[in-house]
Structures are given as C-alpha cells and as structure tokens.
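> Need a 3D model of the following:
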Amino acid sequence: MNAKSIKGKSVAEIKAALEKATENGFKPTLAICFISKSLDRMAICKLLDERSISVFGCTTNGEFIDEVSEKASAAILLLDMDKEYFQLYFEEYPNENYREVARGIAQKAKASFKEPAFLIGISNAAADGEEILRGIEEVAGPEVNAFGGAAGDDYAFTETYVFTNGKDSGNAMVCLALDEEKVEVQGIATCGWKAVGTVKTVTKSEGNHVYTVDNMPVLDLTAKYGGIENASPQNNNLLIEIAANFPLQLQREKGDPVMRPGLVVDWEDRSYYTSGSVPEGSKVRFSLPPDFDVMDKVVKGVANLKATKMPEADALVVFSCAGRILSLGPLMADELEGIKNVWNVPMAGMFSNAELGRATGGNLEMHNLTTCCVALKEK
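Purely as a prediction, here's the structure:
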C-alpha cells in the first residue's frame, strides 16, 4: 500500500497538493482528513469525491503531517488501499444511544470482515466515547483493535464535526473498518504525565462529575497540589491550567493510569466535570506539570510498538490531545518528529478533544492528554 500526506490552508492549496500527489499515477482510494472548522471541509470532500476517494474526516484543534503543527489548515493522508479491504460508516446518535449505534456499525463490519479493526471519529463534546467502545467490543470482542479521537473546533469548545463523502454532522461518528486479514493495524495510547503524591480515594462522584476526593472538594484539593493561588471564577486561565498541568490520573488494576482532567467547574460546591467517568470509590493521583520526559515516554512507547508488534508500516495516523500542545508548546514539534522517525512513513494527525485506544497493558478506554498512534500495513 502506498501512502502520501498533503496539507494546505485553503481549498485551492489542497487541490494543488492533490494534483501534485497524483500526477505520477498514484491513485488513492481512501483519505483520512483532519480539517479546521475555518476551512470549507465539504468543498475539500468534493475534490476527493470527484476522484472516487472515500473520506474519513474530523474537525480539529490543529493539524499536522510532519513535525510542524498547523492551525486553520487541512492535513490529509492519502492511501491507495484496495477498496475490498475497508468499509466506511457514518451514523448519527440523536438519542444519545452511543453503544447501540456503535454496536450496529460493528455488526455491519463483522458481516464484511472476519477480523475487523476500527478507526473512529466522534463529534459532540457530550458524546460518550467509552460507550462507543463498549458497543464495538460487544460485537468484535475485548481484544479488538479500535482507535480514534474526538473532533475539535479550534479550541472554541462549541461545535465539533465528523464528515465523509456528502455527509457532515455535529452529533455523529465516522468509522473506518479495516479487514485485518489484509491490513495489519497496531496502535498505542500513551501520555507520559508523571504522578505526584499519595493515592487518594474518590469519595463522591456521579459518572464524570467528581465532587470530593478524600472528602475534600476536588477543586480545592487540585489547587492545593498545584499551588494554584486563585482558584476562582475570576481566573480566566484556571481551567486550562488544571486540564493541561494538573489532571487526575485514574488508577487501573490493569494497565497504565487513564488521564481525567477537570474541564468544567461547578462553583456552588467546587466540584468539576472530567473528560470521562471517574467511579465513586476509585483511586486517583494528581499529576506533575509536563517536562521532557513526557515526550520521551510517548516516543519510546511508539518505538516499542515497532520493536514488538509492527516492524514495518505503510502509514501512520495520530490523535494527540489538544491539551498536550497547550502544555508543551513549541516542544510538541520534538514529540511529533520523534514519532514520525520511528517508521519514517507518511503521517497525518490532529489535536483532538479526547483519544480512544488501549493504554499499555490496559483495556480500550477514552483518554485525555494522551497521544494515540495507529500504524497501518497492507499484508
């Protein structure tokens, strides 16, 4: 399978890049598209559709094809994969029936492929990514390869979108199902954030709403550990500071911890809502602000994936949390360069609102502040 990655900051630039990529007989059948809301994504889809290229698309908080991340652009991975090796699905979930919708998609994929793997994009910040993963697992089994991310909207946190040929929705999932008998799919979700302090107990929570940890309002405890002096509504940078630098780490009996940053504060009781569920009674630790080791751990995790499971790859898809670039800033380029150099194959990626995948030694879960790398290789 051949692959090429292109990028541009306008429909015209993407058209020119697409023409250049295909001028020597390269005929892509599939495009994985990460496009800013500021661009006309459906016009770009039309360019691809005119060439009979199937589209898997998400809006973003930033895009990249190499180590340099962009804003207000499109990053596209073009693949000439045999059309018999993949299926694209697009389903809305107007009734918040995330598991049911995902289960239906998985059943269709299972009817086409004995061993399907899944690349998933979800829109609507309220969508429950873990319910989607559970629906896929119910059909394809707990060891299924499923990875993806939640669409972004250039940090506006209002409306996110997924799209495919002729379809676009702020309340849907787009799903690329791959035949693993024909295409090898391997991935890893890793974050690198270091834990600090003792293990603590979530003493009151409901779903993703965390009220108290060790019987203390979670916001107050976070401010104490983070040395945050102004934990008040007047601090406009408070949520970014908490989410990017001092997230909770939900401890797991199996596998690495899962990041659960606070995203919305309830000032009445100084509780907050996190990116995913935090069960009452679960164990958590706080995090240290990131340093160089955060990037090193991610790159080493990807290198280990190559060494142990995927010696060669044709292409790489990356979902990296928007919080990572907020925390790491220009250093994010070093992480992206390190990831690309592992296989040195065409790559496209986005900064997402959440990541879907399997942490090292763990189960399929929704993550934050995490980088999810997915390597593809036609057999």
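> need the strands for the stretch 151-300 of the chain, in chain order.
Counting by DSSP state E, counting those that start in this stretch, one finds strands in the stretch 151-300 of the chain at the ranges 162-164, 167-169, 172-179, 183-190, 195-206, 209-213, 216-217, 248-250, 258-260, 262-266, 271-274, 283-287.
> now for those, which one comes closest to residue 350?
strand 162-164 (11.5 Å; C-beta to C-beta). No exception for glycine: its C-beta is placed from N, CA and C like everyone else's.
> The strands of the stretch 151-300 of the chain: which one's closest to residue 64?
When these are compared by C-beta to C-beta, strand 183-190 sits nearest residue 64, at 17.4 Å.
> re earlier: dump the strands of the stretch 151-300 of the chain into JSON lines; add mean pLDDT, distance to residue 127 and mean neighbour count as well.
Below are those laid out as JSON lines (pLDDT from 0 to 100; distance: least, C-beta to C-beta, whole Å; neighbours: other C-beta atoms under 10 Å):
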{"stretch": "strand 162-164", "mean pLDDT": "98", "distance to residue 127": "10", "mean neighbour count": "26"}
{"stretch": "strand 167-169", "mean pLDDT": "98", "distance to residue 127": "11", "mean neighbour count": "18"}
{"stretch": "strand 172-179", "mean pLDDT": "98", "distance to residue 127": "8", "mean neighbour count": "25"}
{"stretch": "strand 183-190", "mean pLDDT": "94", "distance to residue 127": "18", "mean neighbour count": "22"}
{"stretch": "strand 195-206", "mean pLDDT": "94", "distance to residue 127": "18", "mean neighbour count": "15"}
{"stretch": "strand 209-213", "mean pLDDT": "96", "distance to residue 127": "16", "mean neighbour count": "22"}
{"stretch": "strand 216-217", "mean pLDDT": "97", "distance to residue 127": "28", "mean neighbour count": "17"}
{"stretch": "strand 248-250", "mean pLDDT": "92", "distance to residue 127": "19", "mean neighbour count": "24"}
{"stretch": "strand 258-260", "mean pLDDT": "88", "distance to residue 127": "17", "mean neighbour count": "27"}
{"stretch": "strand 262-266", "mean pLDDT": "86", "distance to residue 127": "14", "mean neighbour count": "18"}
{"stretch": "strand 271-274", "mean pLDDT": "90", "distance to residue 127": "14", "mean neighbour count": "21"}
{"stretch": "strand 283-287", "mean pLDDT": "92", "distance to residue 127": "24", "mean neighbour count": "21"}
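> tell me the angle the helix or strand of the chain with the lowest mean pLDDT makes with strand 262-266.
Each helix and strand of the chain was given a mean pLDDT (mean pLDDT, DSSP states H and E); the minimum falls on helix 238-245 at a mean of 82. Here helix 238-245 runs at an angle of 150 degrees relative to strand 262-266 (axes from the mean of the first three to the mean of the last three C-alpha atoms, to 10 degrees).
> packing partners for helix 238-245?
Contact analysis of helix 238-245 by 3 or more C-beta pairs under 8 Å, 6 or more residues apart in numbering; DSSP states H and E lists helix 218-226, strand 262-266, helix 322-328 as its packing neighbours.
> Which parts of it count as buried, going by neighbours?
By 16 or more other C-beta atoms under 10 Å, the buried positions in helix 238-245 come out as 238-245.
> now stretch 69-81
Buried residues in stretch 69-81, counted by 16+ other C-beta under 10 Å: 69-70, 73-81.
> related to what we said a few turns ago, between the strands of the stretch 151-300 of the chain, which one is closest to residue 305.
Each of the strands of the stretch 151-300 of the chain was scored for nearness to residue 305 using C-beta to C-beta, and the closest is strand 183-190 (4.9 Å).
> just how off-centre is the closest one within its chain?
Centroid displacement of strand 183-190 relative to its chain, using C-alpha atoms, centre = their mean, to the nearest Å, is 13 Å.
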